[in-house]
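Trainee: Coordinates for the following, if possible.
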Amino acid sequence: MISHMVLLKCRNDVPEQQLTAMFDALAALVNKIPGLESYCGGENNSPEGIARGYTHAFYMQFADAQSRDNYLPHPDHEVVKKLIAAVLEDCNEPVLVIDF
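Mentor: As a prediction, this is how the structure comes out:
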């Protein structure tokens, strides 16, 4: 199993419905991409104060590395990447991705 974690620095002027649409599109990938077994995501609500500007995150689990590798160039993933790009801050590191 491969876990895929993505942290996002979203602009504070993005309407809530745009963020909801982005997360709904990510969730819909579970039914479109073979080997993508689960998804969850949302807005940071940690009281620790160490998010370093990351405001939102999502987490996916893939059956294996091949499933994750097939997801990366998948046309439905490419569509969602555009939705994500539209909400990101214009900064040096708006996205952080870690797979394990």
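Trainee: could you pull out the strands for this structure?
Mentor: Secondary structure of the chain (DSSP state E): strands at 2-8, 36-43, 56-62, 95-99.
Trainee: Kindly reformat these as TSV containing distance to Asp24, mean pLDDT and mean neighbour count.
Mentor: (Each C-beta comes from the backbone N, C-alpha and C, glycine too.) TSV is the format used below for these (distance: least, Cβ to Cβ, whole Å; pLDDT from 0 to 100; neighbours: other Cβ atoms under 10 Å):
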stretch	distance to Asp24	mean pLDDT	mean neighbour count
strand 2-8	15	98	18
strand 36-43	10	98	15
strand 56-62	12	98	19
strand 95-99	19	98	11
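Trainee: Any chance of those strands in CSV with distance to Asp69 as columns?
Mentor: Shown next, in CSV, are the strands of the chain (distance: least, Cβ to Cβ, whole Å):
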stretch, distance to Asp69
strand 2-8, 9
strand 36-43, 12
strand 56-62, 9
strand 95-99, 10
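Trainee: measure the nearest residue in space to Cys91 that is not next to it in sequence to Asp76 for me?
Mentor: Leaving aside its sequence neighbours, Cys91 sits nearest to Lys9 (Cβ to Cβ, 6 or more residues apart in numbering; 6.1 Å). Computed as Cβ to Cβ, to the nearest Å, the Lys9 to Asp76 distance reads 24 Å.
Trainee: Looking at the two, which is more packed in?
Mentor: For Lys9 versus Asp76, neighbours defined as other Cβ atoms under 10 Å are more numerous around Lys9 (20 against 15).
Trainee: which ones are touching the more buried one?
Mentor: Applying Cβ atoms under 8 Å, 6 or more residues apart in numbering, we find Lys9 in contact with 53-55, 88-89, 91, 93-95.
Trainee: how close does it sit to Val79?
Mentor: To Val79, Lys9 is 21 Å away according to Cβ to Cβ.
Trainee: cool, and Gln18?
Mentor: 15 Å.
Trainee: Kindly provide the whole-number mean pLDDT of the longest helix along the chain.
Mentor: Counting residues, the longest helix found in the chain (DSSP state H) is helix 16-28. What helix 16-28 shows for mean pLDDT is 97.
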